[in-house]
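K.L.:
Below: sequence and its predicted model.
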Amino acid sequence: MTVPANIELVAVLSGAACVGGLILAVVSLIGTRRPDRPPSPTSRRLDRLWNGSGVTAGERRRHRTVLIAAIAAGALAWLVTGLPMIGLLVGVAVPGAPWLLSVGRAEQRAIARIEAVGEWTRRLRDVSSTGQGLQQAIIATVSTAPEEIADEVSLLAARLQAGWSAKDALLSFAGQLGDPMCDQVVAALILHLSDRGERLGDVLSSIATAAAAEVATRREVEAKRTQPRFAVRFLTGMTLLTLGYGLLNPQYMEPYGTATGQIVLIVLGSTFVALLAWTRTMSMPPPPVRFLAIPDERREVVS
């Protein structure tokens, strides 16, 4: 191994060690904060960077895994090419490529969840019509809950059995599903807790019918977004192929080896990534407007 190669290896290892130290510092700041003291803005930003915006522990764990993989891939690309900007672009590509290629999947899951909420609402209506109380009826629907929301319904029932306030448990349930249609169901159930009206079954029936209509409308709109989403996937695939070709062919990346070339590379790369993200945003529906005040359930992760 030549002396320049040794220097590059030491530089990459030093950079990786610095990044690892920063990660440990973030974890220590998040994990050692006193529980009775509200988090500072800096602590909240660091927590979001490390754990992501996921609600469940599994989502936060996946975010941390992707973050570490991005850092490792970027360091490896820097070592192979000797170009720090290539390492940066590869690090961005690790979480960015799945995000771009999965365009539309979130909307498809949302549609499936709305359909599941409508089906669960009908089952809850049928069980509550037998004379059971609302909480007992919710617990009774756990075994027949649709697969798309089975975990959320199970957690809702477990919280009710553990002595949670029914209102808090229902608001948490709405926050996990994150859709206005679920908000309608939860709002009706919360109102029933306070007035104990006898028309709960009729209200749930109308909400279930509205859910079916919402599913039909969203599927029609989803079909019209097929072409722009294909364009996003195609452009993302071509970008990844170009980046891979550059990593495997040093001569292709040779013009970018100078300081000026690195600046040009990061400007072009940043512009192209921004255009891809913009194209993806245009192919997505606007975020749904919620009308329930949902408490923030995210918990600080202590590692």
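P.N.:
Received the coordinates, thanks.

K.L.:
what about Val264, distance to Thr258?
P.N.:
To Thr258, Val264 is 9 Å away according to C-beta to C-beta, to the nearest Å. To be clear about C-beta, it is placed using only N, CA and C from the backbone, and glycine gets the same treatment.

K.L.:
So for the two, which residue has more residues nearby?
P.N.:
Val264 (14 against 10; other C-beta atoms under 10 Å).

K.L.:
so the more buried one sits right up against Tyr256, yeah?
P.N.:
Yes: judged on C-beta atoms under 8 Å, Val264 makes contact with Tyr256 at a distance of 6.9 Å.

K.L.:
Now for the two: what residues contact both?
P.N.:
With contacts defined as C-beta atoms under 8 Å, 6 or more residues apart in numbering, no residue is adjacent to both Val264 and Tyr256.

K.L.:
how many neighbours does the residue nearest to Ala212 when sequence neighbours are not counted have?
P.N.:
Spatially, and ignoring its direct neighbours in sequence, Ala212 is nearest to Gly118 (5.6 Å; C-beta to C-beta, 6 or more residues apart in numbering). Residues near Gly118, counting by other C-beta under 10 Å, number 23.

K.L.:
Tell me which other helices or strands the helix or strand containing Gly118 touches.
P.N.:
Element membership for Gly118 (DSSP states H and E) is helix 105-128. Secondary-structure packing of helix 105-128 (3 or more C-beta pairs under 8 Å, 6 or more residues apart in numbering; DSSP states H and E): helix 134-140, helix 180-195, helix 200-224.

K.L.:
any chance of those helices in a markdown table, plus distance to Val289?
P.N.:
Below are the helices and strands packed on helix 105-128 laid out as a markdown table (distance: least, C-beta to C-beta, whole Å):
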| stretch | distance to Val289 |
| --- | --- |
| helix 134-140 | 26 |
| helix 180-195 | 6 |
| helix 200-224 | 13 |
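
K.L.:
Out of the ones you listed, flag the one nearest His63.
P.N.:
Proximity to His63 (C-beta to C-beta) singles out helix 180-195 among the helices and strands packed on helix 105-128, at 23.7 Å.

K.L.:
Sweet, I'm off.
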